[in-house]
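Novice: Curious how this folds, go ahead:
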Amino acid sequence: MIDVYYYSSSSGMVRLFAERLGRPVHDLAVREVRTSVPSGPWVLLTPSYKTGNVDNDTIPEPVRRFLANPETRRRLVGVMGSGNRNFGEHYQAACRQIARMSGRPVLFEFELQGTQWDVEDARRILADLDAAIEAERS
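Specialist: Numbering: from 1, shown residues only. Modelled structure (predicted):
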């Protein structure tokens, strides 16, 4: 199973989503996780916070720090994003920016903590990704 590395603010909405995925998840708010290097392919789950304030960075700092390692970036296979539609044009900005910069696909986007259907869809996408990576290894 592909591991999911995520960052969640104090609201815990992204953490709740990540924990419902039924697979290994790692919290980038934890320093030991943030300074580690994934041992294999992994998926990033990140919120977006930009609300139109030019001084407000879109990508959370713990995510930015984790992605600073070239080996970590090389093993990234895709990005999932949590956003708030109230952010307008900045909805999912972090997820989309990371995907664009890394050349990896946006796998799934959802609002706030997601619905049970969002979790089911994300689980299905990750299971398909697991199968594709396993097929490549065979």
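Novice: Identify the residue nearest the geometric centre of this structure.
Specialist: L45 (1.4 Å; CA atoms, centre = their mean).
Novice: quick one: L45 and R137, what's the gap?
Specialist: Look at L45 and R137: by CB to CB, to the nearest Å, they are 23 Å apart. In this view, the C-beta of every residue, glycine as well, is placed from N, C-alpha and C.
Novice: how deep is the closest residue in space to L16 that isn't next to it in sequence tucked in, by neighbour count?
Specialist: Nearest residue to L16 in three dimensions, chain neighbours excluded: Q113, at 5.0 Å (CB to CB, 6 or more residues apart in numbering). The number of residues packed near Q113 is 18, by other CB atoms under 10 Å.
Novice: from memory Q113 sits against M13, does it?
Specialist: Yes: using CB atoms under 8 Å, Q113 and M13 qualify as a contacting pair, with a distance of 3.7 Å.
Novice: okay, and the common contacts of those two?
Specialist: Shared contacts of Q113 and M13, defined by CB atoms under 8 Å, 6 or more residues apart in numbering, comprise S82.
Novice: for the record, mean pLDDT for stretch 107-121?
Specialist: The average of the pLDDT scores along stretch 107-121 is 96.
Novice: could you dump the longest helix along the chain to PDB, C-alpha only?
Specialist: Criterion DSSP state H: the longest helix present in the chain is helix 116-137. C-alpha atoms of helix 116-137 as PDB (Å, rounded to 0.1, in the frame of the first residue of the first chain):
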ATOM      1  CA  GLN A 116     -18.000   9.600   3.100                       C
ATOM      2  CA  TRP A 117     -18.200   9.400  -0.800                       C
ATOM      3  CA  ASP A 118     -15.100  11.500  -1.100                       C
ATOM      4  CA  VAL A 119     -13.300   9.000   1.200                       C
ATOM      5  CA  GLU A 120     -14.600   6.100  -0.900                       C
ATOM      6  CA  ASP A 121     -13.500   7.700  -4.100                       C
ATOM      7  CA  ALA A 122     -10.000   8.500  -2.700                       C
ATOM      8  CA  ARG A 123      -9.700   4.900  -1.400                       C
ATOM      9  CA  ARG A 124     -10.500   3.600  -4.900                       C
ATOM     10  CA  ILE A 125      -8.000   5.900  -6.600                       C
ATOM     11  CA  LEU A 126      -5.300   4.900  -4.100                       C
ATOM     12  CA  ALA A 127      -6.100   1.200  -4.600                       C
ATOM     13  CA  ASP A 128      -5.900   1.600  -8.400                       C
ATOM     14  CA  LEU A 129      -2.500   3.400  -7.900                       C
ATOM     15  CA  ASP A 130      -1.300   0.500  -5.700                       C
ATOM     16  CA  ALA A 131      -2.300  -2.000  -8.400                       C
ATOM     17  CA  ALA A 132      -0.500   0.100 -11.100                       C
ATOM     18  CA  ILE A 133       2.700   0.300  -9.100                       C
ATOM     19  CA  GLU A 134       2.600  -3.400  -8.300                       C
ATOM     20  CA  ALA A 135       2.100  -4.200 -12.000                       C
ATOM     21  CA  GLU A 136       5.200  -2.100 -12.900                       C
ATOM     22  CA  ARG A 137       7.200  -4.000 -10.400                       C
END
